[in-house]
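Student: Show me how the following folds:
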Amino acid sequence: MADSQPITLQTFDVIPPSSTWVGTVRKFARTKPLGAFSFVVILVMVFVALFGQWLAPYSYDDIDIPNRLISPSLTYPAGTDAQGRDQFSRLIYGANTSVLIGFGTVIVSGLIATTIGIISGYKAGLFDVIVQRVVDIWQAFPGLIFVIFVVAIFGASRVTLIFTMGLLFSAGASRLVRGATMAISSEAYIEAARSLGATDLRIWLQHVLPNVVPVIIISMTVQVGGAILLESSLSFLGFGTPPPFPSWGRMLNDAQSHMTSAPYLAVFPGLAIALAVYAFNMFGDALRDVLDPRLRGSR
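Tutor: Down below sits the predicted model:
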């Protein structure tokens, strides 16, 4: 009888080597330069939002009346407002508001949209028809007026804005998830899972959800820019994050009475809003081109 050979376990690399990630990043930066630039802007914005209290040279509520309405200088890079507060510091603190509400909104929106989209697209039939008519009514509400209505009832706070805006944004995102789910539900492996007795919940979690994740990621990335813009609009109208914490939209509102004497009060927060919205939209478009299988053959 032949000597028994020792059994050895063959190991596999679960995590790709770092060179693979570096190559992927280089390819993304080469093929999607605007997307790569936007990603860098997003990283900087998130970093500023997280560590703003240590990066800002002054506190956002330091009032210095003798130094009011000072033009941009080395001491005050973005100038001072009518109360002598450093605009550069307020811009930094305002990034925290935009990032928190923007990401909070898309998380709430993503959870609601994923649940509704997967169930509606998978069940189809009369159930899908009823759900989609509800979504139609949902989308018919004027977004800005709906949020103002809710804020007027429950009061202006970050939590109220996040959940209200997340509920508002989830309607359109659920349509995207539904479409992807309907395409996946017709695949042979879904029918095989059903024939083997897999429950609907197991099919949703193990087969449908992993395949709609790219659609969810793309939708959420673009929605962050829309959430930042909507929050700025609400703050401009006085329904956003309550004072004294700064918001880019409220800074634009405060600048209205000084447009001729101190236009920089509107320029810097306006640029911050525009750059943030641009970055998330461009990065979302780049992710769509990379993650959407229907577009891979066109590159």
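Student: Please make it C-alpha for all contacts and neighbour counts, starting now.
Tutor: Noted.
Student: Was I right to think L265 contacts D81?
Tutor: Yes: the criterion here is C-alpha atoms under 8 Å, and L265 meets it with D81 at 6.8 Å.
Student: Okay, helices next: where are they in the stretch 101-250 of the chain?
Tutor: Using DSSP state H, counting those that start in this stretch, the helices found in the stretch 101-250 of the chain span residues 125-140, 143-154, 158-185, 188-195, 200-203, 209-237, 248-254.
Student: Now do the host helix or strand of F280 and helix 209-237, the angle between them.
Tutor: Using DSSP states H and E, F280 falls within helix 264-291. With axes from the mean of the first three to the mean of the last three C-alpha atoms, to 10 degrees as the basis, helix 264-291 and helix 209-237 are set at 170 degrees to each other.
Student: Quick check: mean pLDDT of helix 264-291?
Tutor: For helix 264-291, the mean per-residue pLDDT is 89.
Student: What is the helix or strand encompassing F47 packed up against?
Tutor: Assigned by DSSP H and E, F47 belongs to helix 33-55. In this structure, helix 33-55 packs against helix 18-31, helix 87-123, helix 264-291, with contacts taken as 3 or more C-alpha pairs under 8 Å, 6 or more residues apart in numbering; DSSP states H and E.
Student: I273 versus V212, what's the distance?
Tutor: To I273, V212 is 30 Å away according to C-alpha to C-alpha, to the nearest Å.
Student: Repeat that for R158.
Tutor: Noted for R158: a distance of 18 Å to I273, by C-alpha to C-alpha.
Student: could the helices and strands packed on helix 33-55 go into CSV alongside mean neighbour count and distance to Y76?
Tutor: Formatted as CSV, the helices and strands packed on helix 33-55 follow (neighbours: other C-alpha atoms under 10 Å; distance: least, C-alpha to C-alpha, whole Å):
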stretch, mean neighbour count, distance to Y76
helix 18-31, 12, 35
helix 87-123, 23, 7
helix 264-291, 20, 12
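Student: Reformat those as TSV; add distance to A180.
Tutor: As requested, the helices and strands packed on helix 33-55 are exported to TSV (distance: least, C-alpha to C-alpha, whole Å):
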stretch	distance to A180
helix 18-31	25
helix 87-123	8
helix 264-291	13
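Student: For W204, find the nearest of those.
Tutor: With C-alpha to C-alpha as the criterion, W204 lies closest to helix 87-123 of the helices and strands packed on helix 33-55, at 7.2 Å.
Student: where's K123 relative to S73, distance?
Tutor: Distance from K123 to S73, by C-alpha to C-alpha: 62 Å.
Student: Also P33?
Tutor: P33 sits 33 Å away from S73, going by C-alpha to C-alpha.
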